[in-house]
Structures are given as structure tokens and as C-alpha cells.
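Colleague: predicted model follows, preceded by the sequence.
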Amino acid sequence: AQSVTQLDSHVSVSEGTPVLLRCNYSSSYSPSLFWYVQHPNKGLQLLLKYTSAATLVKGINGFEAEFKKSETSFHLTKPSAHMSDAAEYFCVVTTWGDSSYKLIFGSGTRLLVRP
Amino acid sequence: DTGVSQNPRHKITKRGQNVTFRCDPISEHNRLYWYRQTLGQGPEFLTYFQNEAQLEKSRLLSDRFSAERPKGSFSTLEIQRTEQGDSAMYLCASSLDAGETQYFGPGTRLLVL
């Protein structure tokens, strides 16, 4: 069975400083991994996805994530936080071996950005 | 706006009442998914459709829940005899086909009193 664990429920950073949101995954097959962002009263938006191509994945709004198989990690980073980045972030896994391609979400990390 | 739309956005009902939610996927998207998100948690899979066929249902989907996608376009999710534990955000997502990116609607927030 596949799952993801988001290691921090809350992360607080100052505007202009780096962001690191941590995610570990468990999967029996080659995983596809995603990061989604959820702003208040808005739908979930895809930030980036990994599907067994390049291990360093670049997404929207300056975010990127690195797939590390040896560490079973897929951490999300951004060099410089902006106030508009404050939101809930979800690490998500699905597997090619499951024809449903249903998404399995972590419990989320709430990012707070201090002025 | 050509994204996924969901109606209503908010629903307040009394315990024991029936409610129905609607999801309109992105045009030409063959796959449609329903998820449920409770406070402080990530969304959980409920069910999905490939065109009009419902192919999988989660164990979370009790007998009081039913979903349809009659013409392979919009979908409805009905909850009968609502319980307070049904209070949650119900999310719909669609994808062009299997394995493609899932695009989410804004959700329907249900509160059962």
C-alpha cells in the first residue's frame, strides 16, 4: 500500500527566506508524486509532479522538489518565500500499478509567512 | 471559467435529511473523482468514474452514499439520512484520462446540524 507522511503540520518562515516542506513516501511500485497547494476558499492547485523522469522537478511560483529514492523523500523547497505563499500544502502519491490513479494525500503542512 | 465547478459551494442541513451535490468536470475529461476532506486532514478518495462507469468505491462510501455520472459528463453525489459525521468538504476532480493530472473544483462544504 502506498502512503505519504508530511513531517511538519506547521512551518513558519519570514518573507524572503527559504521554504522547506518535508515529505516521505511509501510505495510498492514506482511512485508518481505530487505537491498540491490549497489556499483558503479555493480549490487544490497542482504545484508540481514527479513521474520517473528528472529527479529534480520544477513547478509553478518558484517551487521545486527533489525525488530521492534512497531516502524515500520528496521535499518541497523555494528559495525565497512570498506572503502569497501562505497556504496549506499537500504531498500526494499515486502509483502506475493501480488503474484508478486515485490520489493519496498526506495530512498537510500549513505554511505561515511572517512579514 | 473552464475549470471544474461544484454546486452548491455550501450546504447546511439537519441530521436525517438527504443532500445532493453536483460536479461539472472540465469538458472532454473522461475521468471524474470524488474526495472528502475533514477539518485538519488531507482529502480522502471516495469513488471515481471512467466516462459513465463507476469503477471503484472506497470503504468510506457507506450505503447512504451514491454517486452517478449518467451521461459521462456531470456527476452527482447524494447522501441519504445525513449524520453529523458527514460534515466535511466534498471535492471533485477530473482528468483527461487515466494517469493524467487531476484538476480540482472548489469543493462543497457540508455542515450537518
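Modeller: Alright, I've got the coordinates. Source: prediction; values computed, not measured. Numbers count the residues shown, from 1 in each chain, chains lettered A, B, ... in the order given.

Colleague: spatially nearest residue to whichever residue of chain B sits closest to chain A, not counting backbone neighbours?
Modeller: In chain B, the residue that lies nearest chain A is B:G42 (3.1 Å; Cβ to the nearest Cβ). C-beta here means a position set from N, CA and C on the backbone, and glycine is covered the same way. In this structure, B:G42 finds its nearest non-sequential neighbour in A:F105, 3.1 Å apart by Cβ to Cβ, 6 or more residues apart in numbering or on different chains.

Colleague: please apply the same query to B:P8.
Modeller: Here the residue nearest B:P8, using Cβ to Cβ, 6+ apart, is B:T108, at 6.0 Å.

Colleague: up against chain A, what does chain B have?
Modeller: B:3-4, B:31, B:33, B:35, B:40-45, B:48, B:55-56, B:91, B:93, B:95, B:98-99, B:101-107 (Cβ under 8 Å from any Cβ of the partner chain).

Colleague: write the ChimeraX selection for whichever of the residues you listed are buried.
Modeller: In ChimeraX, this line selects whichever of the residues of chain B next to chain A come out buried by 16 or more other Cβ atoms under 10 Å in any protein chain shown:
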select /B:4,31,33,35,42,43,44,45,48,56,91,93,95,102,103,104,105,106,107
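
Colleague: sorry, back to before: residue contacts, the residue of chain B closest to chain A?
Modeller: A:90, A:92, A:105-108 (Cβ atoms under 8 Å, 6 or more residues apart in numbering or on different chains).

Colleague: quick check: bridge partners of the residue nearest to B:G42?
Modeller: A:V92 (DSSP bridges).

Colleague: just A:V37 next, same as before
Modeller: Here A:V37, judged by DSSP bridges, has bridge partners A:Q45, A:Y89.

Colleague: much appreciated, bye for now.
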